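Undergrad: below: sequence and its predicted model.
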Amino acid sequence: MQREDKQLPMKNDRARQAERVSWVGLGANAFLALLKLSAGFAGNSAAMIADGVNSLSDLGTDIVAVVSFRITGRPIDRSHGYGHGKFETLATAIIGSALLAVAVGIFFGGGERILTVLRGGTLPRPGLVALAAAAVSILIKETLYIFTRRAALSLSSDALMAKAWDHRSDALASMGAMVGIGGAIFLGPKARVLDPLAALVVAAIILRIAFPITVKSLSELLEGSLSRENEEEIMQAISEVPGVEGAHHLRTRKVGSDVAVEVHIIVARDLGITEAHNIATEVESAIRALHGEGTFVSVHPEPESGDLQGQVPFDDGHNGMEDGPGHHERVPDDLHE
């Protein structure tokens with residue numbers, strides 16, 4: 001039993017709102033990339049150049065996010081029976097991967113400058129313009145974090161939440177850059193190594209935030225199941241539906257911001273097809289009460305086995321068996337009465 005797509009207007013509105021939020025971030029990152037790179041080169045600051053490259057990568061991921069939300073808002077069609085929600089997950093994976101690449105690049109750039117100092121070389125004194133750019137970046141990025149996180153929670157968007165934490169990582173990175181630049185300016189030539197050290201701090205912050213985002217989105221793209229806790233919650237909700245004697249072969253996955261659930265339920269053998277259908281409909285409603293009306297639900301009713309010995313009433317399908325207890329490839333004839 002599949003979901004009818006009654007949520008299309010809501011989905012389109014959600015996609016438009018998410019796209020608008022992404023446009024705000026895109027404009028801010030375009031401004032900050034230009035500001036930081038100009039200040040970094042003019043002020044001889046490795047930390048600010050690293051921060052500017054980070055903002056430039058953010059600009060690219062904002063473009064990806066805008067395109068993905070525009071595609072996500074499209075209705076279900078012949079070749080996309082579950083809609084276009086995976087494009088949002090793909091955008092999240094691209095955002096996370098780009099951040100990881102930027103962090104690695106910043107790490108090597110800062111490390112090269114530190115090696116220059118260790119070999120007896122000297123670094124140029126950063127200019128005050130780099131310090132001022134860091135302060136402006138902190139203010140703008142922290143404001144964007146609050147704005148984007150609020151929208152992500154309201155719209156249940158992983159891609160927007162990834163962007164929100166990206167903004168927060170940028171604010172923290174700019175704080176690290178400001179400390180390093182300030183130390184290099186005011187503490188003398190020997191302290192100028194603080195500037196590339198601050199660049200390494202920037203890289204570490206980006207890595208810390210980007211890695212879990214990337215892993216989670218790749219898991220969803222590879223059809224990873226919901227968490228064990230979520231699946232147990234679903235089985236509990238199913239067990240509370242009157243007429244359900246058991247359930248097994250639970251399969252779950254994310255489809256963008258929505259969830260897809262497939263499950264086999266066990267009902268009494270003497271039930272007719274209409275009664276079994278009504279129970280399955282109640283199960284669908286119970287699952288959607290947990291994960292929202294946009295949830296894709298497929299419920300397969302099966303008759304209670306004549307031999308109940310060894311039958312597991314509620315088996316989530318993770319027992320390592322190809323076919324769980326009571327498994328049938330089709331609805332038996334006695335349910336078609």
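TA: That came in fine, so what should we check first?
Undergrad: use CA for all of it now, contacts and neighbours both
TA: OK.
Undergrad: by contact count, what packs against the helix or strand where residue 15 lies?
TA: Using DSSP states H and E, residue 15 sits within helix 8-42. Contact analysis of helix 8-42 by 3 or more CA pairs under 8 Å, 6 or more residues apart in numbering; DSSP states H and E lists helix 46-72, helix 128-155 as its packing neighbours.
Undergrad: repeat that for 10 Å
TA: Other elements packing on helix 8-42 under the criterion 3 or more CA pairs under 10 Å, 6 or more residues apart in numbering; DSSP states H and E are helix 46-72, helix 128-155, helix 158-186.
Undergrad: could you identify the helix or strand that succeeds the longest one?
TA: Scanning forward in sequence from helix 158-186 by DSSP H and E, the next helix or strand is helix 194-221.
Undergrad: mind listing what's buried in the helix or strand just after that next one?
TA: Next helix or strand after helix 194-221 toward the C-terminus (DSSP H and E): helix 228-239. Neighbour counts over helix 228-239 (16 or more other CA atoms under 10 Å) mark 231, 232, 234, 235, 237, 238, 239 as buried.
Undergrad: try stretch 264-274
TA: Those would be 264, 265, 266, 267, 268, 271, 273, for stretch 264-274 by 16+ other CA under 10 Å.
Undergrad: pLDDT added to the residues you listed, as JSON lines?
TA: As requested, the buried residues of stretch 264-274 are arranged in JSON lines below (pLDDT from 0 to 100):
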{"residue": "264", "pLDDT": "92"}
{"residue": "265", "pLDDT": "91"}
{"residue": "266", "pLDDT": "90"}
{"residue": "267", "pLDDT": "91"}
{"residue": "268", "pLDDT": "90"}
{"residue": "271", "pLDDT": "87"}
{"residue": "273", "pLDDT": "87"}
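Undergrad: let's have the residues you listed in JSON lines, adding distance to residue 122 and secondary structure.
TA: Listed next are the buried residues of stretch 264-274 as JSON lines, based on distance: CA to CA, whole Å; DSSP: H, G, I helix; E, B strand; the rest coil:
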{"residue": "264", "distance to residue 122": "69", "secondary structure": "strand"}
{"residue": "265", "distance to residue 122": "72", "secondary structure": "strand"}
{"residue": "266", "distance to residue 122": "75", "secondary structure": "strand"}
{"residue": "267", "distance to residue 122": "78", "secondary structure": "strand"}
{"residue": "268", "distance to residue 122": "82", "secondary structure": "coil"}
{"residue": "271", "distance to residue 122": "85", "secondary structure": "coil"}
{"residue": "273", "distance to residue 122": "82", "secondary structure": "helix"}
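Undergrad: what about residue 277, distance to residue 171?
TA: According to CA to CA, to the nearest Å, residue 277 and residue 171 sit 53 Å apart.
Undergrad: between the two, which has more neighbouring residues?
TA: residue 171 (27 against 17; other CA atoms under 10 Å).
Undergrad: hang on, isn't the more buried one packed against residue 139?
TA: Yes. Using CA atoms under 10 Å, residue 171 is in contact with residue 139, at 7.7 Å.
Undergrad: kindly state the domain boundaries assigned to this structure.
TA: By the assignment in automatic domain parsing, the chain contains the domains 8-221, 228-335.
Undergrad: pLDDT of the longest one, averaged?
TA: This predicted structure assigns domain 8-221 an average pLDDT of 82.
Undergrad: circling back: adding distance to residue 214, write the helices and strands packed on helix 8-42 out as JSON lines.
TA: JSON lines is the format used below for the helices and strands packed on helix 8-42 (distance: least, CA to CA, whole Å):
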{"stretch": "helix 46-72", "distance to residue 214": "13"}
{"stretch": "helix 128-155", "distance to residue 214": "17"}
{"stretch": "helix 158-186", "distance to residue 214": "9"}
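Undergrad: show me the contacts for residue 32.
TA: Contacts of residue 32 were listed using CA atoms under 10 Å, 6 or more residues apart in numbering, and they are 26, 38, 51-56, 58-59, 133-134, 136-137, 140-141.
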